[in-house]
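J.: Got a predicted structure here, sequence first:
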Amino acid sequence: MQTRFPNRLLPYLLLAPSVLVVLVFFVIPAVQSIQLSLYRVSALGDRRIFVGWQNFTRLFADPDYLNSIVVTGWFSLIVVFAGLAVSLLVAVVANQRLRGFAFYRTLLIWPYAISPSIAGLIWALMLEPSFGLASHLLTDLTGISFNFRTSANHALLFIALAATWKMLGYNIIFFLAGLRGLPTELLEAAEVDGAGPWRRFWRIVFPLLSPTTFFLFVMNTLYAFFEGFGLVHITTSGGPGRATDLLVFKLYRDGFIGLNTGYASAQSVLLLIMVAALTTLQFRYAGSKVFYQ
């Protein structure tokens, strides 16, 4: 059944606010970034010199930028794979029909409601080497002295854990929705046939959750590349020794602190190309493994 509008202009008027927002906040800035990436811009922005591809070639000769690519890669791997694994485990446990679990499930969603900056501040206070409760407990129980202020490996692990925790609520919501939508007759039939909980999960539950898992795989990848700025800015500022210098934070540092607008614009264009290529590969290879029946 088709819906007919009495006024032909009405559909366009309804779409106009959304289209306007996309144009003003996404399309126009993207076009300006591409344009600025071809120029060397003065610190005050009042003078431009056309340099062509020089900003892009300079990036791949910059050891700091190459380091940011490696750091972002490791950060994304931890956030995506560890985050999805932990979220699925917690969602399976939270899906149990036990008294009080409705309140427990509500608490699991709360971390997603806070900003990355607040998530970073919470984890920084817990793991502060001098007075953090979690830091002292970790040292007392395991003998490990965790210091994200001076250790490069600890700093990268610190921001990855904080970012993963921030995204847990989002992942758990979708995994819980997927678990609630599974056909119970398949699980009951497998249990009658003698399949144990572990075998039922890997043979039935996980394949049926593949659409949800693939969606979260893509969304967590985008989150890891674009949403880490606030977390890094409030805690490590890219240190120690550029160990947490994510691509998005280096872009900010070069563009807004170093006032090198053309160079930062080239970074933004490359970041967009990287994420677009990675998303295309995900749909090409990971998407082909999704089971929709």
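T.: Yep, it's here. These numbers come from a predicted model, not from an experiment.

J.: So what's the residue count around L141?
T.: A count of nearby residues for L141, using other CB atoms under 10 Å, gives 8. All C-beta spots, glycine's among them, are computed from the backbone N, C-alpha and C.

J.: And it, what's its pLDDT?
T.: The model reports L141 with a pLDDT of 90.

J.: need the contact list for it.
T.: Contacts for L141 were tallied using CB atoms under 8 Å, 6 or more residues apart in numbering; there are none.

J.: Mind telling me what element it is part of?
T.: With elements taken from DSSP states H and E, the one containing L141 is helix 133-142.

J.: With R40 instead?
T.: strand 39-41.

J.: Please apply the same query to I49.
T.: strand 48-50.

J.: sorry, back to before: so how far is the helix holding L141 from its chain's centroid?
T.: 28 Å (CA atoms, centre = their mean, to the nearest Å).

J.: Likewise for stretch 252-260?
T.: For stretch 252-260, the distance to the chain centre is 23 Å (CA atoms, centre = their mean).

J.: Any stretches of the stretch 1-150 of the chain with poor pLDDT?
T.: 1-5, 100-101 (pLDDT under 70).

J.: what's the neighbour count on A224?
T.: 25.

J.: okay, the strand or helix carrying it in PDB with CA atoms only?
T.: In the assignment (DSSP H and E), A224 maps to helix 210-226. Taking Å, rounded to 0.1, in the frame of the first residue of the first chain, the C-alpha atoms of helix 210-226 are listed here in PDB:
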ATOM      1  CA  SER A 210      26.100 -12.900  13.300                       C
ATOM      2  CA  PRO A 211      24.000 -10.000  11.900                       C
ATOM      3  CA  THR A 212      24.200  -8.300  15.300                       C
ATOM      4  CA  THR A 213      27.800  -9.100  15.700                       C
ATOM      5  CA  PHE A 214      28.700  -7.800  12.300                       C
ATOM      6  CA  PHE A 215      26.800  -4.500  12.900                       C
ATOM      7  CA  LEU A 216      28.600  -4.000  16.200                       C
ATOM      8  CA  PHE A 217      31.900  -4.900  14.500                       C
ATOM      9  CA  VAL A 218      31.500  -2.000  12.100                       C
ATOM     10  CA  MET A 219      30.200   0.400  14.700                       C
ATOM     11  CA  ASN A 220      32.900  -0.400  17.200                       C
ATOM     12  CA  THR A 221      35.500   0.200  14.500                       C
ATOM     13  CA  LEU A 222      34.100   3.600  13.700                       C
ATOM     14  CA  TYR A 223      34.000   4.400  17.400                       C
ATOM     15  CA  ALA A 224      37.700   3.400  17.900                       C
ATOM     16  CA  PHE A 225      38.800   5.600  15.000                       C
ATOM     17  CA  PHE A 226      36.700   8.700  15.700                       C
END
